Every structure is written in structure tokens, then in C-alpha cells.
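S.K.: here is my input; please provide its structure:
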Amino acid sequence: MSTTIAKRIDANSLNLKEQVVSINRVTKVVKGGKNMSFSALVVVGDPGARIVGFGTGKAKEVPAAIKKGIEAAKKNLRRVHVLATTIQHPVVGVFGAGRVLLKPAPAGTGVIAGGPVRAVIQAVGIPNVLTKSLGSHNPHNVVKATIDALEKLRDKAETAELRGLTIEKLG
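M.R.: Predicted structure coming up:
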């Protein structure tokens, strides 16, 4: 499969909202004892522009870890193809042992999702979607699987171009 290099999205021109998904206390055992630090998983997104990214930060204090996570997430932004109120088609995203199923939902349904999946969906700004987290419940794997699923979404024009058809013939 060919890899496409996407151009970097400028974070300064966007109205980004941050959400902390998980904070983990980690320790490193050294000769003198234990060194404690904190790891933070952060999701940022612009619901108006349909852009989302995630990042991790690690520091001795929680606020510093969150700040580092936000900076990492701003360097890792992706654009998502969605309709006005939901996604175009059902899709499954996979990362490691984490699998996430996203399904379109009619208007008024809301975001039916839990934890890390909800954070990503709300950051993108999709108002109606059904989700199911399968496999691993590790927040890192679930966030990455959700973003993988969102990247697999295609609009009709892109699908028609890939197949060499016109939009009318696509159906």
C-alpha cells in the first residue's frame, strides 16, 4: 500500500479544544529509589473544521504532562470527512488489540460512545454516531483505533475517483 504524505495543518489558525483522556502515574525504579512521573493522553480538535489529533506528554507534574500532550497533539492533526450530522458509512478502526466500530446514526441520536472514543468524536464535532469499542480497553489503543476509523471514511467524490467512475454511476 502506498503511503501518502499529508501536509501539516497549522494549529494556530484553528479554534482547538483540548480534552484529557487519561492520566497515568508511572514510576521508574532506580538505585536511589523510585522516580515518580505522570503520563497524560490528550485529544485536541476543531469541531468546525473537522480536525482532530492526539498526543502524549510525560513530566514530573500533571499540568506539565498535560501541556506537553497538547503540544504533541497539535503536531499530529488530521482532517476527517463527515456529513453534516453523521458519518457516511460504518467503519472499523484497528490499532494493536483495540478495535472501534463507528456507525452512522439519524439526527437526534447524539454521541453513543464511552470514554476515549467519546473524546475523539466530540473533538471532531460529529453530533450523531453510534460506536462500539471491541478488544483492548487501553485508552491509547482505543484513541488510535478511533482515529484510524475516522481516517478510513471516504466521501463519494473520493470513492468515485478511486474507482474511476463518475459520482452519478456510483449510486
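
S.K.: only C-alpha atoms from now on, for both contacts and neighbour counts.
M.R.: Will do.

S.K.: can you name the element that comes right after the helix or strand Leu41 falls within?
M.R.: Leu41 is part of strand 33-46, with elements assigned from DSSP states H and E. Elements were assigned by DSSP H and E; along the chain past strand 33-46, the next helix or strand is strand 51-59.

S.K.: can I get that following strand in CSV, CA atoms only?
M.R.: Only the C-alpha atoms of strand 51-59 are listed here, as CSV (Å, rounded to 0.1, in the frame of the first residue of the first chain):
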residue,chain,number,x,y,z
ILE,A,51,-9.9,18.3,12.5
VAL,A,52,-8.6,16.0,15.3
GLY,A,53,-5.3,15.0,16.8
PHE,A,54,-3.9,13.2,19.9
GLY,A,55,-0.7,13.4,21.8
THR,A,56,1.0,12.1,24.9
GLY,A,57,3.1,14.0,27.4
LYS,A,58,5.2,12.9,30.4
ALA,A,59,6.5,15.1,33.2
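
S.K.: okay, the helix or strand bottoming out on mean pLDDT in the chain in PDB with CA atoms only?
M.R.: Here the helix or strand of the chain ranked lowest by mean pLDDT, DSSP states H and E is helix 167-170, holding a mean of 76. Output of helix 167-170 as PDB, limited to C-alpha atoms (Å, rounded to 0.1, in the frame of the first residue of the first chain):
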ATOM      1  CA  ILE A 167     -20.400  10.300  -8.900                       C
ATOM      2  CA  GLU A 168     -23.700   9.500 -10.700                       C
ATOM      3  CA  LYS A 169     -22.600   6.000 -11.600                       C
ATOM      4  CA  LEU A 170     -21.500   5.400  -8.000                       C
END
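
S.K.: from the contact counts, what lies against it?
M.R.: Judged by 3 or more CA pairs under 8 Å, 6 or more residues apart in numbering; DSSP states H and E, helix 167-170 is in contact with helix 156-163.

S.K.: which parts of the helix it packs on are buried?
M.R.: Within helix 156-163, the residues that count as buried by 16 or more other CA atoms under 10 Å are Ala160.

S.K.: for the closest residue to Arg79 other than its chain neighbours, grab the count of nearby residues.
M.R.: Using CA to CA, 6 or more residues apart in numbering and skipping the chain neighbours, the partner closest in space to Arg79 is Ile51 (4.5 Å). Using other CA atoms under 10 Å, Ile51 has 22 neighbouring residues.

S.K.: also the one 4 residues further on?
M.R.: Using other CA under 10 Å, Gly55 is surrounded by 23 other residues.

S.K.: let me see the contact set for it.
M.R.: 41-43, 69-74, 76 (CA atoms under 8 Å, 6 or more residues apart in numbering).

S.K.: that older thread, just how off-centre is the least confident helix or strand of the chain within its chain?
M.R.: 30 Å (CA atoms, centre = their mean, to the nearest Å).
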